[in-house]
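Engineer: could you work out the structure for the sequence below:
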Amino acid sequence: MKTEYSVFDAVKVTGIHRERIRDWMNRGYIKPSIQVSKGKGTRALFDIYDLMVMALFAKMIDCGIPREWAGRHFLAAYRADTLRVHPIKYYKDMIAPRYLLFFRANGEVMATEYETVKKCGELIRRGSLADDVVGINEAMLFTLIIRKAEALAE
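Structural biologist: Have a look, this model is predicted:
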């Protein structure tokens, strides 16, 4: 597997449009870990963990989570450094799903993490706790990104 990914590689692996990635970098939502582009002639270079965070950020927005909230509250705590605690093999071999659950309660967006659909369902069934609930299977998303990155290297 490659160790460095350009913006063009990130487009191929994540399916996110190049302009969207550049916009997110300009707004500070996404930061390349290996090399920041410093103008013409230099490239932004990401590692695999950056691509995983990028895919998660895109998924959150696609599910209706406001980009500003996701960038300010969630990504601030969930940068690629938190993922680097584990080797890629850990994410590639994840069998048990891990769900990130986002919900609105009293107009505020909140997030929590659950390991089973059953626990997610318990939260949803409480009804009055949340207006809208969105669940993202983090393990499935990360496994998909890693497999696409591996295919890119072949």
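Engineer: ok, the closest residue to Thr3 other than its chain neighbours - contacts?
Structural biologist: Leaving aside its sequence neighbours, Thr3 sits nearest to Asp47 (Cβ to Cβ, 6 or more residues apart in numbering; 6.6 Å). C-beta here means a position set from N, CA and C on the backbone, and glycine is covered the same way. By Cβ atoms under 8 Å, 6 or more residues apart in numbering, the contact list for Asp47 reads 3-5, 33-34, 80.
Engineer: what would those look like in a markdown table with distance to Ala55 and neighbour count?
Structural biologist: Written out in a markdown table, the entries for these read as follows (distance: Cβ to Cβ, whole Å; neighbours: other Cβ atoms under 10 Å):
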| residue | distance to Ala55 | neighbour count |
| --- | --- | --- |
| Thr3 | 18 | 9 |
| Glu4 | 17 | 14 |
| Tyr5 | 12 | 25 |
| Ser33 | 15 | 18 |
| Ile34 | 17 | 14 |
| Ala80 | 12 | 20 |
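Engineer: strands - which of those land there?
Structural biologist: Mapping those onto strands (DSSP state E) picks out no residues; all lie outside.
Engineer: list the buried ones in stretch 36-44?
Structural biologist: Residues of stretch 36-44 classed as buried: Ala44 (neighbour count, 16 or more other Cβ atoms under 10 Å).
Engineer: likewise for stretch 143-154?
Structural biologist: By neighbour count, with 16+ other Cβ under 10 Å as the criterion, the buried positions of stretch 143-154 are 143-146, 148-149.
Engineer: what mean pLDDT does that stretch have?
Structural biologist: Across stretch 143-154, pLDDT averages out at 85.
Engineer: C-alpha coordinates for that stretch, PDB please?
Structural biologist: These are the backbone C-alpha positions of stretch 143-154, laid out as PDB (Å, rounded to 0.1, in the frame of the first residue of the first chain):
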ATOM      1  CA  THR A 143     -12.500  -0.800   5.600                       C
ATOM      2  CA  LEU A 144     -13.800   0.400   2.200                       C
ATOM      3  CA  ILE A 145     -11.300   3.300   2.100                       C
ATOM      4  CA  ILE A 146      -8.400   1.000   3.000                       C
ATOM      5  CA  ARG A 147      -9.300  -1.500   0.300                       C
ATOM      6  CA  LYS A 148      -9.600   1.300  -2.400                       C
ATOM      7  CA  ALA A 149      -6.200   2.700  -1.300                       C
ATOM      8  CA  GLU A 150      -4.700  -0.800  -1.700                       C
ATOM      9  CA  ALA A 151      -6.200  -1.200  -5.100                       C
ATOM     10  CA  LEU A 152      -4.800   2.200  -6.200                       C
ATOM     11  CA  ALA A 153      -1.300   0.900  -5.400                       C
ATOM     12  CA  GLU A 154      -1.600  -2.100  -7.600                       C
END
